[in-house]
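1. quick one, structure for this:
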Amino acid sequence: MKKFITENLKNSISAKEKFARDGLDSIIELARLMVTTFNQGNKILIFGNGGSAADAQHMAAEFVNRFIADRPPLPAIALTTDSSVITSIGNDFSFDEIFSKQITALGKKGDLALGISTSGNSPNVINAIREAELLGLHTAVLTGGSGGELARISGLVLNVPSDKTPHIQEAHLWIEHLLCWLVEDILLGKYEEI
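-> A predicted model of the protein is given here:
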């Protein structure tokens with residue numbers, strides 16, 4: 001078991017390191033886009049399935065409440081939390097539309113749609129990103145592996161080049177925390193430029 005734990009840790013760190021080699025500019029670009037979104041009076045809509053749904057909720061909470069510093073609340077909504085909306089759309093239409101219909105209802109030009117999918121091929125996340133693009137929202141995705149279909153259709157792609165879902169999710173959480181931290185620091189004046 002000790003060998004398994006040690007190897008697992010190495011692989012988790014490796015996934016983050018592989019992303020960091022090529023993805024640091026993407027993190028900075030997304031953090032700046034988030035700050036611009038907030039500064040222009042817009043909001044971030046975050047969504048994904050399973051563990052990625054939990055990430056969406058976690059990230060929205062960090063923005064609405066606080067991450068490290070006390071600061072005014074920031075408008076972020078996890079589209080994974082309203083069970084009545086999700087189940088009614090899933091029942092009356094399709095599970096593939098649970099996020100796209102919410103984008104149509106809640107999104108406006110200038111908002112940011114942030115999809116999270118370890119495979120990059122989740123149909124409901126793909127549909128929501130397509131809808132966001134049609135409505136004039138900014139789009140960004142966190143993906144894994146090859147990036148899947150989402151890497152081809154989204155405005156900004158942060159892809160973790162790993163084929164192990166747990167390590168992709170661990171890297172996603174690290175990226176999400178970095179984004180929250182950078183956004184707070186930019187808004188609080190730690191960095192002069194955005």
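2. longest strand in the chain, please.
-> In the chain, with assignment by DSSP state E, the single longest strand is strand 138-144.
3. which positions in the helix or strand following that one come out as buried?
-> Sequence order places helix 148-153 as the next helix or strand after strand 138-144, per DSSP states H and E. Neighbour counts using 16 or more other C-beta atoms under 10 Å place G148, E149, L150, A151, I153 of helix 148-153 among the buried residues. Quick note: C-beta positions are derived from backbone N, CA and C, even for glycine.
4. cool, stretch 161-179 as well?
-> Buried residues in stretch 161-179 (16+ other C-beta under 10 Å): 161-162, 164, 167-176, 178-179.
5. could you dump the buried residues of helix 148-153 to TSV with distance to F47?
-> Output for these, formatted as TSV (distance: C-beta to C-beta, whole Å):
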residue	distance to F47
G148	16
E149	15
L150	12
A151	17
I153	15
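6. farthest pair within those residues?
-> The span of the buried residues of helix 148-153, defined through C-beta to C-beta, is set by G148 and I153 at 9.7 Å.
7. who does L112 bridge with?
-> I44, H138 (DSSP bridges).
8. state which helix of the protein is the longest.
-> In the chain, taking DSSP state H as the definition, the longest helix is helix 2-39.
9. just the buried positions in that helix, please.
-> Neighbour-count burial for helix 2-39 [16+ other C-beta under 10 Å]: 12, 15-16, 18-19, 23, 26-28, 30-35, 37-38.
10. quick check: which ranges of this structure have low pLDDT?
-> For the chain, applying pLDDT under 70 flags the ranges 192-194.
11. can you report how many residues neighbour I129?
-> For I129, the neighbour count with other C-beta atoms under 10 Å is 28.
12. and it, how far is that from E170?
-> For I129, the distance to E170 (C-beta to C-beta, to the nearest Å) stands at 23 Å.
13. and D22, what does it touch?
-> Taking C-beta atoms under 8 Å, 6 or more residues apart in numbering, we find D22 in contact with P161.
14. quick check: it vs I5, distance?
-> In terms of C-beta to C-beta, D22 sits 28 Å off from I5.
15. same deal with N65?
-> 33 Å.
16. check E97 too.
-> According to C-beta to C-beta, E97 and I5 sit 41 Å apart.
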